[in-house]
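> here is a sequence with its predicted model. Questions after.
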Amino acid sequence: MSDVIDSYVKTEYQAGFVTDVESETIAPGLSEEVIRFISAKKNEPQWLLDWRLNAFRLWQEMDEPDWAKLDYPKINLDEISFYSAPKSMDDAPKSLDEVDPELIETYNKLGIPLHEQAVLAGVAVDVVFDSVSIVTTFKEKLAEAGVIFCPISEAVHQYPDLVKKYLGSVVPQKDNYFATLNCAVFSDGSFVYIPKGVRCPMELSTYFRINEANTGQFERTLIVADEGSHVSYLEGCTAPMRDENQLHAAVVELVCMDDAEIKYSTVQNWYPGDENGVGGIYNFVTKRGVCHQNAKISWTQVETGSAITWKYPSVILRGDNSIGEFYSVALTRNYQQADTGTKMIHLGKNTKSTIISKGISAGKSSNAYRGLVRMSPRADGARNFTQCDSLLIGDQCSAHTFPYIESKHPNAIIEHEATTSKVSDDQLFLCLQRGIGAEKAVSMIVNGFCKEVFKELPMEFAVEAGKLLEVSLEGSVG
Amino acid sequence: MLKIKNLQVKVEDKTILKGLSLDIKPGEVHAIMGPNGSGKSTLGYVLSGREGYEVSGGSATLNGDNLLELDADERAKKGLFLAFQYPVEIPGVSNMEFLKASVDTVRDYQGKEALSTVDFMKLAREKCKAVNLDPNFLKRGVNEGFSGGEKKRSEIMQMMLLEPSLCILDETDSGLDIDALQVVADGVNACRDENRAFIIVTHYQRLLDYIVPDKVHVLSDGKIIKSGGKELALELEEKGYSWIEKA
């Protein structure tokens, strides 16, 4: 079967394309002047400029971390431009006819509706009547419920008290090299506030944030769910997103007040580099949430893109009886490297956490799970269940598991299960013997392996995620 | 229907089949018996196109098509079905999903109209009933946590669903109790018709009490050393394989 497997593994990214749209970009490199420039461009208040500058000073004292199981050349920040104005609509494609047909084909394979295709491909918004009307209806409904969902740059002006109170409250400014860098230079992102007792009437999807293109590089997201509220947030999309920036360092902060619930789902499909490991996005993300009493945060992620993924969505279980969950599928192929997992910090009594991680490695890729479960001396009756499964396709990839467990409470219960398996010749042959082609067979086996995680995704997202894996594994087998 | 001429097969440089010939006509049931290591399972695998079996000589055609040139899934689409001796688990993939994919591809290849999900479910439930499987079986993962008997009944159910023209049963009777054996045999017998042929690979005569073969072949050391009618199986049961091997 090895030939069959080889050809999957060498599949090309389905959306290799180049854009040469001009944008307003400042000279590469990072300095205090650059930060002042960014802040001024956004017309930010003094407190935010000071906050950025403070982060910059902290960052200058820090070193890039090297503990992850990742191998990449040192990032030269002097070559990176830290500000790029949103692209002018004049330069954007005027309709889908002007978009790379290959990209459209990928969208079709993923079953993405036409108006969303236009948005994803960056077609000028005023041409996309459908989506504009959708966005308007969407905003009206949210306003009725009192939900705030807007770009964080806008929230800084409209809801300064909320932003000031919670920005940096979960991920401190000096948290880590990449998060601190983000504090200094963040471009834009989402701000969400759900008032007390409100159940957000719809899933909040970044699809609808079409007015802010090109914010992917140093994205900053802040979600505050007030007491007894509930929200489901969808980030990213299964379709390949266009982005010319190599370094991504996003920060996501979730504040989940008493009895509130936040469900945060991500599908990440940034450009992973070519078959030989050239190019691709370096994705260094800090995601963390804090749960107060009886609160619940659930992270679900499907990671198939990026050359380098460094990402540990975490939950601080501060309040008693709070719950943290992490469900993850990470697929690596060719020369992709992923070091991803979670941290569950149990501070409150009777706190519970569940970790289900599914790593799939193909080609020459490396896929590592890194997780920390910490039970504090106060975490009476706390328990954790962790399950890490790795699936290998072919014999040149690798899977690693680094579980860290720190228990400072005698009656905390921590369970850890780990398995590693291969897509076996027996399984492939069974499918072939029933007439199912090799390509479909591999995709079916891999999707079956991920089922426990996919069922945590909102319905349409789950269907898309399944298709995404199928497309990602697609090969040239006839 | 199936014509095998002087077939020679190697596995990792070891010759397993050493010139096997067989001619099976539509509607016939042929039993292949033989001691362990005689090459019985190899025959099923090489005909169905499993990798790792190198054909070093001879030929095999199914309805005129050169089987040995086709990919495994092509052979399946052309109506060759192998019921596995040890069906493998595919965790998380439901039987329904798996069988629908299988039936869809095969029907598509045969130029038949695709079944709607409703029609497919109706058909699948009916076949489950025929082999005494709870229809909830369709929601479970492929062979996941199945008992030995359930796995074998599932294989027969798949065969009934796909309506192949040539069915190879690889020691389907192994590990079955008498009731399960009866169910499996009933399933096979229900599928017997003038256009369909069977190769029943078995170690014991027992199964042939329930599925009465037209011909019985004894395979030993990679060759058919004796062929006869159904009474040959009884004779073997009585006298053992050494009786023929010595002769």
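That came through, no problem.

> enumerate the residues of chain B near chain A.
Within chain B, the positions adjacent to chain A are B:48-52, B:71-73, B:75-77, B:81-82, B:84, B:87-93, B:97-99, B:101-102, B:105-106, B:109, B:141-142, B:158, B:162 by CB under 8 Å from any CB of the partner chain. Quick note: C-beta positions are derived from backbone N, CA and C, even for glycine.

> any idea how far the helix or strand harbouring residue A:56 is from the chain center?
Taking DSSP states H and E as the criterion, residue A:56 maps to helix A:46-60. Centroid displacement of helix A:46-60 relative to its chain, using CA atoms, centre = their mean, to the nearest Å, is 25 Å.

> which secondary structure elements does the helix or strand where residue B:74 lies contact?
Using DSSP H and E, residue B:74 falls within helix B:72-77. Applying 3 or more CB pairs under 8 Å, 6 or more residues apart in numbering or on different chains; DSSP states H and E, we find helix B:72-77 packed against helix A:425-433, helix B:40-48, helix B:95-109.

> would you mind giving those as a markdown table with distance to residue A:329 added?
Compiled in a markdown table, these are given as follows (distance: least, CB to CB, whole Å):
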| stretch | distance to residue A:329 |
| --- | --- |
| helix A:425-433 | 19 |
| helix B:40-48 | 33 |
| helix B:95-109 | 18 |
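
> residue A:464: which of these is closest?
Closest of those to residue A:464 is helix B:95-109, at 17.1 Å (criterion: CB to CB).

> contacting residues for residue B:7?
B:17, B:19, B:20, B:21, B:46, B:55, B:57, B:58, B:59, B:60 (CB atoms under 8 Å, 6 or more residues apart in numbering or on different chains).

> are we agreed that it is in a strand?
Yes - the assignment for residue B:7 is a strand, going by DSSP: H, G, I helix; E, B strand; the rest coil.

> which residues of the chain score low on pLDDT?
You didn't pick a chain, so chain A it is. A:1-26, A:84-137, A:207-216, A:237-245, A:474-478 (pLDDT under 70).

> other chain: chain B
In the predicted model of chain B, residues B:246-247 satisfy pLDDT under 70.

> so for residue B:12, which of the helices and strands packed on helix B:72-77 sits nearest?
Closest to residue B:12 of the helices and strands packed on helix B:72-77 is helix B:40-48 (CB to CB; 12.0 Å).

> measure residue A:167 to residue A:224 for me?
10 Å (CB to CB, to the nearest Å).

> these two: which is more packed in?
Between residue A:167 and residue A:224, counted using other CB atoms under 10 Å in any protein chain shown, residue A:224 has the larger neighbour count: 26 against 23.

> neighbouring contacts of the helix or strand encompassing that one?
Element membership of residue A:224, judged by DSSP H and E, is strand A:220-225. With contacts defined as CB under 8 Å, 6+ apart, strand A:220-225 is touched by A:152, A:155, A:162-163, A:166-167, A:182, A:186-194, A:231, A:233, A:235, A:250-257, A:260-262, A:264, A:295.

> now swap in stretch A:226-234 and tell me
By CB under 8 Å, 6+ apart, the residues outside stretch A:226-234 that reach it are A:147, A:190, A:192-200, A:203-207, A:223, A:225, A:257-267, A:458, A:461.

> could you turn the buried ones of the residues of chain B next to chain A into a ChimeraX selection?
Buried subset of the residues of chain B next to chain A, written as a ChimeraX selection, criterion 16 or more other CB atoms under 10 Å in any protein chain shown:
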select /B:48,49,50,72,73,75,76,77,81,82,84,87,88,89,90,91,92,93,97,98,99,101,102,105,106,141,142,158,162
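
> can you map out the helices along the chain?
Going with chain A. If DSSP state H is used as the criterion, the helices of chain A fall at A:2-9, A:32-41, A:46-60, A:101-109, A:114-120, A:129-145, A:152-158, A:160-166, A:177-185, A:425-433, A:438-449, A:451-454, A:459-473.

> hmm, I had chain B in mind actually
Under the criterion DSSP H, chain B carries helices at the ranges B:40-48, B:72-77, B:95-109, B:117-130, B:148-162, B:178-191, B:207-210, B:231-239, B:242-246.

> let me have those in TSV, adding distance to residue A:315 as columns.
Converted to TSV, the helices of chain B look like this (distance: least, CB to CB, whole Å):
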stretch	distance to residue A:315
helix B:40-48	50
helix B:72-77	45
helix B:95-109	33
helix B:117-130	39
helix B:148-162	41
helix B:178-191	49
helix B:207-210	57
helix B:231-239	66
helix B:242-246	69
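
> nearest to residue A:348, of these?
Nearest to residue A:348 among the helices of chain B is helix B:95-109 (41.1 Å), distances taken as CB to CB.

> next one: that closest one to chain centre, how far?
Taking CA atoms, centre = their mean, one finds the center of helix B:95-109 at 18 Å from the center of the full chain.

> what helices or strands is that helix leaning on?
Here helix B:95-109 touches helix A:438-449, helix B:72-77, helix B:117-130, strand B:141-142, helix B:148-162, going by 3+ CB pairs under 8 Å, 6+ apart.

> try it again with 6 Å
If contacts are counted by 3 or more CB pairs under 6 Å, 6 or more residues apart in numbering or on different chains; DSSP states H and E, helix B:95-109 sits against no helix or strand.

> what sits up against that helix?
A:434, A:435, A:436, B:77, B:114, B:120, B:138, B:142, B:162 (CB atoms under 6 Å, 6 or more residues apart in numbering or on different chains).

> then stretch B:154-167?
By CB under 6 Å, 6+ apart, stretch B:154-167 touches B:2, B:79-81, B:83, B:87, B:106, B:127, B:131, B:184, B:187, B:196-198.

> with adjacent residues omitted, what lies nearest to residue 38?
No chain specified, so I'll use chain A. Excluding its sequence neighbours, the residue lying closest to residue A:38 (CB to CB, 6 or more residues apart in numbering or on different chains) is residue A:83, at 5.1 Å.

> other chain: chain B
Leaving aside its sequence neighbours, residue B:38 sits nearest to residue B:219 (CB to CB, 6+ apart; 4.6 Å).

> contacting residues for the one you found?
The neighbours of residue B:219, taking CB under 6 Å, 6+ apart as the test, are B:32, B:34, B:38, B:39, B:40.

> can you count the residues close to the first one?
Which is residue B:32. Residue B:32: 26 neighbours (other CB under 10 Å).

> contacts only, for it.
Here residue B:32 is in contact with B:40, B:201, B:217, B:219 (CB under 6 Å, 6+ apart).

> quick check: the gap between the last one and residue B:40.
Plainly put, residue B:219 is 6 Å away from residue B:40 if you go by CB to CB.

> residue in chain A nearest to chain B?
Across chain A, the shortest distance to chain B (CB to the nearest CB) belongs to residue A:448, at 3.0 Å.

> that residue against residue B:89, yeah?
No - with contact defined as CB atoms under 6 Å, residue A:448 does not reach residue B:89; the gap is 9.9 Å.

> cool, thanks, signing off.
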